[in-house]
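Peer 1: Make a model of this:
(2 chains)
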Amino acid sequence: GESVGLHLPTLSVQEGDNSIINCAYSNSASDYFIWYKQESGKGPQFIIDIRSNMDKRQGQRVTVLLNKTVKHLSLQIAATQPGDSAVYFCAERAGFQKLVFGTGTRLLVSP
Amino acid sequence: DVKVTQSSRYLVKRTGEKVFLECVQDMDHENMFWYRQDPGLGLRLIYFSYDVKMKEKGDIPEGYSVSREKKERFSLILESASTNQTSMYLCASREGTKDTIYFGEGSWLTVV
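Peer 2: A predicted model of the protein is given here:
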């Protein structure tokens, strides 16, 4: 079958640039959001999360922005490095034990 | 660091075989999950467990069962494997009072 990469939107950036990955969520009642990074052949790795009572949260080189008005979530990666190349996907918590995952965006970082 | 370990990374099984996928977490988490990941479909929840011997169906439980006899271990069972169960299977765990779910490295299952 086709690889997952052929179905994913791709963001290509140069090393050192800032990257912005976007995610639209569906449920206005979702109260918690999370970003994962998944490298080829590996499981998803937690990056950063945010609750619905916040608009912005910062981590190390990453920032998540939440716009509840338009149900939009973004992940900003500062000074992108080749090691940041991976698939990034968001998830929203839409109920008890119910995380709904997006299909992801592939980030390609060239030297 | 949270450690979720899936002992089998790559398996090839024949149609009709019984398949066991094992998952162990070392952080005493109450909640454990099994997802499958397919191209274009994202992660879909098969089953979850919020305590020993407790289990709940997720979105796609058909063709699967689970077992949680000990808190640290959550097993996914395919009673009679079929080719449409070829996929990547991800185990995850979460502490009861926290939000973050942590994933294992995944088990690639091919059913021929």
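
Peer 1: Quick one: check the helix or strand of chain A with the lowest mean pLDDT for contact with chain B.
Peer 2: Between all helices and strands in chain A, the lowest mean by mean pLDDT, DSSP states H and E belongs to strand A:98-101, at a mean of 85. Yes - using C-beta under 8 Å from any C-beta of the partner chain, strand A:98-101 reaches chain B at A:98-99, A:101. Just so you know, the C-beta spots here come from the backbone N, C-alpha and C atoms, and that holds for glycine as well.

Peer 1: for that strand, the distance to its chain's centre please.
Peer 2: Offset of strand A:98-101 from its chain centre (C-alpha atoms, centre = their mean, to the nearest Å): 14 Å.

Peer 1: Once you drop chain neighbours, what's closest to A:Gln97?
Peer 2: Excluding the flanking residues, the one nearest A:Gln97 by C-beta to C-beta, 6 or more residues apart in numbering or on different chains is B:Phe48, at 5.6 Å.

Peer 1: Quick check: beta-bridge partners of the one you found?
Peer 2: Under DSSP bridges, the beta-bridge partners of B:Phe48 are B:Phe33, B:Glu56.

Peer 1: for it, what are its contacts?
Peer 2: Residues near B:Phe48 by C-beta atoms under 8 Å, 6 or more residues apart in numbering or on different chains: A:97, B:31-34, B:55-56, B:58.

Peer 1: Just the closest of these to B:Gln25, please.
Peer 2: B:Met32 (6.7 Å; C-beta to C-beta).

Peer 1: which residues of the chain fall in strands?
Peer 2: Chain wasn't specified; assuming chain A. Listed in chain order, the strands of chain A (DSSP state E) span A:10-14, A:19-24, A:32-38, A:45-51, A:56-58, A:62-67, A:72-77, A:86-95, A:98-101, A:105-110.

Peer 1: Correction: the question concerned chain B.
Peer 2: B:4-6, B:10-13, B:19-25, B:31-38, B:42-49, B:56-57, B:65-70, B:73-78, B:87-94, B:102-103, B:107-111.
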